[in-house]
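# I need the structure of the sequence given here:
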Amino acid sequence: MSADGFAQAPPAGARPDWTIDQGWDRYTEAEHQVWITLYERQAALLEGRACDPFLRGLDALDLHRTGIPDFARINDELMRLTGWTVVAVPGLVPDDVFFDHLANRRFPAGQFIRKPEQLDYLQEPDVFHDVFGHVPMLTDPVFADYMQAYGKGGQRAMSLGRLHNLARLYWYTVEFGLMQSPEGLRIYGAGIVSSHAESLFALDDPSPNRLGFDLERVMRTPYRIDDFQQVYFVVPGLQTLLDVTTHTDFGPLYERLSTATDIPITGIEPSDRVFTRGTQAYALAGGRTGKAA
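Down below sits the predicted model:
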């Protein structure tokens, strides 16, 4: 998780790389119970909705246990499977810090958890979004390599002034991606799997467009952060993400994007593969003021 627009110096108590101790022994019983409530609700919903790599990751890391996971415990298994670790950070971190962690196979995760009255909406990602939503996918070797490649690509995008285009790739894949499967569309994006309401909306609601993934198309498409998505992009499989990231020369792509216009968020291009031509009824009705986290 990253954010722009704040001082580059880490806050008091954080290390130069913005990491902090998780402080697992300081969580209260009430905080552990929030995790358990969220976990049980999502685990019951995601069977038959989330992709197989995500569900396998949940099992491999045994994230339920008795509450908020101890990063030290899950890192033992995560390191064994894909060479990744989870590092605690105090909140959103600068983009250069975020990309450096990813490029070195470290996933920065918030260590606070939402309040009981915030089960369905939280503006800033917490430990449930970051660990339940993101970390199971990091047990998959292909997705783990994609995330590292994205981190390296972020460092280059910053130097070329094209970070906003690359951020769209992260948003529409890592956060809000859908995947084809023999049984139908499945969720792999962390912003969906960690949200009860969007887990339903992303697959079932007639409102959003669901379009085939195309790298340049995605990087020309704005996104919204305040409500459910108006478009989701569907990948054939995780290998597609890794291949387009590692086999594409992003230099010429950024050159084209520098003169290309954005595609409206509800737009459907003649070249798009359309899984669902959405009604946009939800957005046209005004949506709602908050989005499930």
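
# and the helix or strand containing residue 59, how far from the chain's centre?
If you go by DSSP states H and E, residue 59 is part of helix 52-61. Here helix 52-61 is found 16 Å from its chain centre; the criterion is Cα atoms, centre = their mean, to the nearest Å.

# How about stretch 201-209?
18 Å.

# follow-up on the earlier one: need the CA coordinates for the helix holding residue 59. PDB is fine.
C-alpha atoms of helix 52-61 as PDB (Å, rounded to 0.1, in the frame of the first residue of the first chain):
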ATOM      1  CA  ASP A  52      -8.000 -21.400  -6.300                       C
ATOM      2  CA  PRO A  53      -4.600 -19.800  -5.600                       C
ATOM      3  CA  PHE A  54      -6.200 -17.500  -3.100                       C
ATOM      4  CA  LEU A  55      -8.000 -20.400  -1.300                       C
ATOM      5  CA  ARG A  56      -4.900 -22.500  -1.300                       C
ATOM      6  CA  GLY A  57      -3.000 -19.600   0.200                       C
ATOM      7  CA  LEU A  58      -5.500 -19.300   3.000                       C
ATOM      8  CA  ASP A  59      -5.100 -22.900   3.900                       C
ATOM      9  CA  ALA A  60      -1.300 -22.800   3.600                       C
ATOM     10  CA  LEU A  61      -0.900 -19.900   6.000                       C
END
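
# After it, heading C-terminal, what element do we hit next?
Per DSSP H and E, the first helix or strand lying C-terminal to helix 52-61 is helix 71-82.

# For this protein, which residue occupies the most central location?
Centroid check for the chain by Cα atoms, centre = their mean gives residue 175 as the closest residue, at 2.6 Å.

# mind checking how far the residue nearest to that one when sequence neighbours are not counted is from residue 248?
Once flanking residues are discounted, residue 175 sits nearest to residue 191: 3.9 Å by Cβ to Cβ, 6 or more residues apart in numbering. From N, CA and C alone the C-beta is placed, and that goes for glycine too. Distance, residue 191 to residue 248, by Cβ to Cβ, to the nearest Å: 24 Å.

# Which one of the two is surrounded by more residues?
residue 191 (23 against 13; other Cβ atoms under 10 Å).

# Contact partners for that one?
129, 133, 175, 176, 198 (Cβ atoms under 8 Å, 6 or more residues apart in numbering).

# which residue packs closest to residue 216, ignoring adjacent ones?
residue 253 (6.4 Å).

# Figure out the helix or strand that that neighbour lives in.
Assigned by DSSP H and E, residue 253 falls in helix 250-259.

# Next, the buried residues of that helix.
Buried residues in helix 250-259, counted by 16 or more other Cβ atoms under 10 Å: 250, 253, 254, 257.

# And stretch 272-287, by the same measure?
Those would be 272, 275, 276, 278, 280, 282, 283, for stretch 272-287 by 16+ other Cβ under 10 Å.
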